[in-house]
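would you be able to build a 3D model of this:
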Amino acid sequence: MSDSNGGGLFLYSQVAELQDVSISDSLAENYGGGLAGYVATGVLDRVTIADNTATFGWGGGVATYGSNTRLTLTETTITENTSDLYGPGVWTYGDVNCEGSATSDAGVFDNTSALYDDHQIYVYYSGDWSSDTCDDADSTGADAGIRTYYGGLSLEVGDDATFACDDTSCG
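This next block holds a predicted model:
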């Protein structure tokens, strides 16, 4: 267990590229049960982030925060993670670009939040989420959606997106 952030991996002011690996069964007390990035740049290519937990915080699978934090997810699967609060799959106060293909199982799905179970992805303050085909559009009901907080949202999704957005959430 991490003392506070990045149970599986914590990128602090670093540049990292991960390919064909799995981050699983990790625990963080605050941010990023599987992976946390602070003022970092990361590329995850064909990575699975599953079965991780953020016990008292955000981002059961992934959490990014801090100025100039950038994370690119390519053919990456974020699933079956849990958080007590927001963003059971992904919580971001940085920039996250998610790229996939229509034929892959990549995406953000089947993650749960103990308190707020109406979204998979949480975009905080001036964070940005962009997605080609690996958004959570295949999820329905309580598993669907992107929740946002405080006006600085930049949200882009691929043509396959099937959810609608209002001022605070998409689902």
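
can I assume Trp58 sits in a strand?
No: remark: Trp58 does not belong to a strand; assigned using DSSP: H, G, I helix; E, B strand; the rest coil, it is coil.

now the nearest residue to it once chain neighbours are set aside, which residues is it bridged with?
Take Trp58 and drop its neighbours on the chain: the residue closest to it by C-beta to C-beta, 6 or more residues apart in numbering is Trp91, 3.9 Å away. Where C-beta positions appear, they are placed from N, C-alpha and C, glycine not excepted. Applying DSSP bridges to Trp91 gives these bridge partners: Ala63, Tyr122.

hmm, Tyr31 and Trp91 touching each other?
Yes: between Trp91 and Tyr31 there is a contact under C-beta atoms under 8 Å: 7.1 Å.

and Thr79, how far is that from Ser67?
Using C-beta to C-beta, to the nearest Å, we find Thr79 at a distance of 29 Å from Ser67.

got it, and Gly33?
Between Gly33 and Ser67 the distance, using C-beta to C-beta, works out to 23 Å.

these two: who's more crowded?
Relative neighbour count places Gly33 above the other of Gly33 and Ser67, with 37 against 9, counting by other C-beta atoms under 10 Å.

which ones are touching that one?
For Gly33, the contacting residues are 7-8, 26-27, 52-55, 59-61, 81-83, by C-beta atoms under 8 Å, 6 or more residues apart in numbering.

tally of neighbours for Ser24?
Neighbours of Ser24 under the rule other C-beta under 10 Å: 15.

could we number from 17 for the rest of this?
That works, and once the first residue is 17, the last one we named lands at Ser40.

tell me what it is bridged to.
According to DSSP bridges, the partner residues bridging Ser40 are Ala66.

that one against Thr64, yeah?
Yes: contact between Ser40 and Thr64 holds when scored by C-beta under 8 Å: they sit 7.1 Å apart.

burial count for the nearest residue to Gly110 once chain neighbours are set aside?
Nearest-residue entry for Gly110: Thr85, 3.0 Å, with adjacent residues in sequence omitted and distances by C-beta to C-beta, 6+ apart. By the criterion of other C-beta under 10 Å, Thr85 has 23 neighbours.

for Thr85, give me its contacts.
Thr85 makes contacts with 53-57, 109-111, as judged by C-beta under 8 Å, 6+ apart.

among those residues, who's most crowded?
Gly53 (30 neighbours).

now the strand or helix carrying that one - C-alpha only, CSV.
Under the criterion DSSP states H and E, the helix or strand holding Gly53 is strand 51-54. The C-alpha atoms that make up strand 51-54 are tabulated as CSV, following Å, rounded to 0.1, in the frame of the first residue of the first chain:
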residue,chain,number,x,y,z
LEU,A,51,-1.4,5.1,-10.9
ALA,A,52,-1.0,8.7,-9.8
GLY,A,53,0.8,11.3,-11.9
TYR,A,54,1.8,14.7,-10.5
